[in-house]
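In: build me a model from this:
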Amino acid sequence: MNALDKLFSWIYRQSEGWMLMEPNLFRKINDPYPESPGEIVIKVSNLMDKKKYYKDPDITIEKLCTYIHINRSYLSRAIHKVYGINFCEWVNLYRIEEAKILMRKEKGNTLDLEDLAVQCGFNSVRSFTRVFSAKENMTPRQFFKSERWKRTRQKICG
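Out: Okay, here's the model as predicted:
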C-alpha cells in the first residue's frame, strides 16, 4: 500500500462513510440520494411539517440544508421545479397555512396580529400582512372575521 492509498484510507475512516461525490454535494455511501425533485420536495415537506422549521424567523435555505443534510442548489432547484417559486416563497406558504390554522382555532373575538405573526415565523406584522394578503387576497383580519362568521353561521344553522 503506497502513501496515497494510505491517505485515502485514512480520509475514508475519518469521514465515517461520508464522501465527496460531486462538487458541493455530500452523500453517504450506501445511502441512496433521492433521484427526482419531487422526492426531494416530499422529503423536505414532511420534515417541515414534522419539525416546523418555518417557525424560525431566521430560517434560510442554507440553515435548512444543514439540518436535513441536503445540497442547497439541489433543494432550490427541486422547489422551483415542483412549485415554480423560490425558497422564501415556499417557506411563507407554510407560515400562512399555520396562521390560518391558528386563526380558525382562536375562540375570542379579537386577534393579536403581532403575536400571530411571531408564532408563524414572520419578523414583523407588516411582512406577515403583505404575504398573507398576496396569497389569500384578503388581510389576516378579514380572514379571521370571515372564519368567525362561518363558525357563527354553523352554530345557528346546525
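In: can you give me the strands for the protein?
Out: Using DSSP state E, the strands of the chain run over 18-22, 25-28.
In: mean pLDDT for those strands: which is lowest?
Out: In terms of average pLDDT, strand 18-22 trails the rest of these, at a mean of 43.
In: residue ranges with poor pLDDT in this protein?
Out: For the chain, the stretches with pLDDT under 70 are 1-35, 158.
In: count of residues packed around Asp112?
Out: 12 (other C-beta atoms under 10 Å). No exception for glycine: its C-beta is placed from N, CA and C like everyone else's.
In: the one 10 residues further on now?
Out: For Phe122, the neighbour count with other C-beta under 10 Å is 25.
In: same check, this time on Glu147
Out: 15.
In: so what's it closest to, chain neighbours aside?
Out: Excluding the flanking residues, the one nearest Glu147 by C-beta to C-beta, 6 or more residues apart in numbering is Arg104, at 5.4 Å.
In: the one you found and Ser146 touch, don't they?
Out: No - contact criterion C-beta atoms under 8 Å: Arg104 and Ser146 do not qualify, at 10.6 Å.
In: shared neighbours, the two?
Out: Counting by C-beta atoms under 8 Å, 6 or more residues apart in numbering, no residue touches both Arg104 and Ser146.
In: surely Leu47 touches Tyr53?
Out: Yes - Leu47 lies in contact with Tyr53 (C-beta under 8 Å); the separation is 7.0 Å.
In: mind checking how far Arg77 is from Tyr94?
Out: 19 Å (C-beta to C-beta, to the nearest Å).
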